[in-house]
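>>> Build me a structure from this.
(one chain, ligands or ions: 1)
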Amino acid sequence: MEVVLVTGSSGLIGSEVCTYFAEAGYSVHGIDNNQRASFFGPEGDTRWNQYRLQRNLSHFEHHELDVRNRQGVLDLIGRLRPAIIVHAAAQPSHDRAAAIPFDDFDTNAVGTLNMLEAARQACPDSPFIHLSTNKVYGDAPNKLRLTEFETRWDYADLEYAEGIPETFPIDQSLHSLFGASKVAADVMVQEYGRYFGMPTCCLRGGCLSGPNHSGVELHGFLSYLVKCNLEEREYWIYGYKGKQVRDNIHCRDVAHFIHEFAKNPLCGEVYNLGGGKANSCSILEAFVLVERFTGKRQRYTYVPDNRIGDHICYYSDLRKMRAHYPRWDITINLEQTIREIVDAWQRKLAL
Ligand SMILES: NC(=O)c1ccc[n+]([C@@H]2O[C@H](COP(=O)([O-])OP(=O)(O)OC[C@H]3O[C@@H](n4cnc5c(N)ncnc54)[C@H](O)[C@@H]3O)[C@@H](O)[C@H]2O)c1
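This next block holds a predicted model:
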């Protein structure tokens, strides 16, 4: 059985990738140390998801390892020599990073280097897929001309009618410390592809979503929003009139793309991975969609100051992904994604 190694295996993307590859007949090894609970407190705890994988997947092994532990990572990858590596462990929050700059950089940048170097030493021909972020573009998308509509912002220039392409500049803009640590990782992943010829890629995520996210205010847009709605809690909107736009992709479509890349990998590639314009929504629009499934009106408070560097309008141009991997496309639309998240929270909250 071929081995796939997934870091951040108890998180949203990691757990979906583990499930996807286990169902595809791989032996799956996951690395996670529940660091999300340290980053965000008990609501960020991902142990329940780890136990779910251990219960449900027949060929899954959990490794309680910190990706910052260089020797531990070298030893494990040296022993497993995985056929595919998916690196999804991270400090994932824009806003949280400023309070924990060393934890953020050590996890996102140094942790990624630990993984890359271990892979180069043990299995340099194995595809290495890194979960990057659209925050590598900093706030540069905010400098584009925008049109204001009743419930959302949109790009005014036809050049961006399909969204932000991978050629968009990544420097000379404001990133947040999180964006900067992810840029470091992103460029390093590209470099291991270009310099060492390894089959690596960076997936610059928009809003990645799904039912198994431990959504918290600082990370996990739709998951947290649905939870607030069901618990009849106030949702806080920061700036941009609540019309800021995110593109949402279901984690199963992310896992499918990872599989397609792993079957036909390229070296040092970069893809903007989101739901694209068709699956984008503003916060105000998300309220309406969620209300439709829960029947509960969303309470919210509006704060005029936006989060530092927050995107006003961002959706991914998916044309490069589709051109490189024509067997891949979005299969789960925004409504279905929200429906699954609502169902999952209703089950969890009932317990
Ligand atoms: N969810 C999104 O909307 C989104 C958007 C863009 C990019 N991304 C990127 O995708 C990746 C996965 O995101 P996610 O939403 O699944 O996050 P998540 O927080 O749900 O999962 C990450 C997992 O990594 C684990 N982890 C963190 N630090 C670790 C460490 N030092 N050692 C071992 N494990 C550690 C956490 O405990 C958690 O279970 C991240 O790189 C993130 O930056 C996510």
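>>> now the residue in the chain positioned nearest to the ligand: how far from L273?
Closest approach between the chain and the ligand, counting by C-beta to the nearest ligand atom: G11, at 1.8 Å. C-betas here are computed from N, CA, C, even on glycine. Distance from G11 to L273, counting by C-beta to C-beta, to the nearest Å: 16 Å.
>>> So for these two, which residue has more residues nearby?
G11 (32 against 26; other C-beta atoms under 10 Å).
>>> What is the neighbour count of the residue lying closest to the more buried one once chain neighbours are set aside?
Once flanking residues are discounted, G11 sits nearest to T46: 5.7 Å by C-beta to C-beta, 6 or more residues apart in numbering. Neighbour count for T46, taken as other C-beta under 10 Å: 25.
>>> right, and T46 touches S214 too?
Yes: under the criterion of C-beta atoms under 8 Å, T46 makes contact with S214 at 5.3 Å.
>>> list residues touching both of the two?
Counting by C-beta atoms under 8 Å, 6 or more residues apart in numbering, the shared contacts of T46 and S214 are 11, 36.
>>> What residues sit buried inside stretch 98-108?
100, 103-108 (16 or more other C-beta atoms under 10 Å).
>>> Helices of the chain, residue ranges please.
12-23, 35-40, 47-56, 70-80, 101-105, 111-122, 176-194, 221-230, 251-263, 283-294, 319-324, 334-350 (DSSP state H).
>>> what about K241, how many neighbours?
17.
>>> Also R120?
16.
>>> swap in Q336?
12.
>>> Does it touch R252 like I think?
No: look at Q336 against R252 with C-beta under 8 Å: they stay out of range, at 10.3 Å.
>>> quick one on the thing from earlier: pick the most deeply packed of the helices of the chain.
Of those, the one with the most neighbours on average (mean count of other C-beta atoms under 10 Å) is helix 12-23, at a mean of 25.
>>> Summarise which helices and strands it is packed against.
For helix 12-23, the elements it packs on are strand 3-7, strand 27-31, helix 47-56, strand 84-87, strand 207-209, helix 251-263, judged by 3 or more C-beta pairs under 8 Å, 6 or more residues apart in numbering; DSSP states H and E.
>>> okay, these in CSV with distance to the ligand and mean pLDDT next?
CSV is the format used below for the helices and strands packed on helix 12-23 (distance: least, C-beta to the nearest ligand atom, whole Å; pLDDT from 0 to 100):
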stretch, distance to the ligand, mean pLDDT
strand 3-7, 6, 98
strand 27-31, 6, 98
helix 47-56, 7, 97
strand 84-87, 8, 98
strand 207-209, 4, 96
helix 251-263, 8, 98
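>>> For those, could you give me TSV that also reports distance to V290?
Listed next are those as TSV, based on distance: least, C-beta to C-beta, whole Å:
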stretch	distance to V290
strand 3-7	29
strand 27-31	30
helix 47-56	22
strand 84-87	29
strand 207-209	12
helix 251-263	18
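>>> now Y271: how far from G205?
From Y271 over to G205 (counting by C-beta to C-beta), the distance is 10 Å.
>>> swap in I164?
Applying C-beta to C-beta to I164 and G205 gives a distance of 12 Å.
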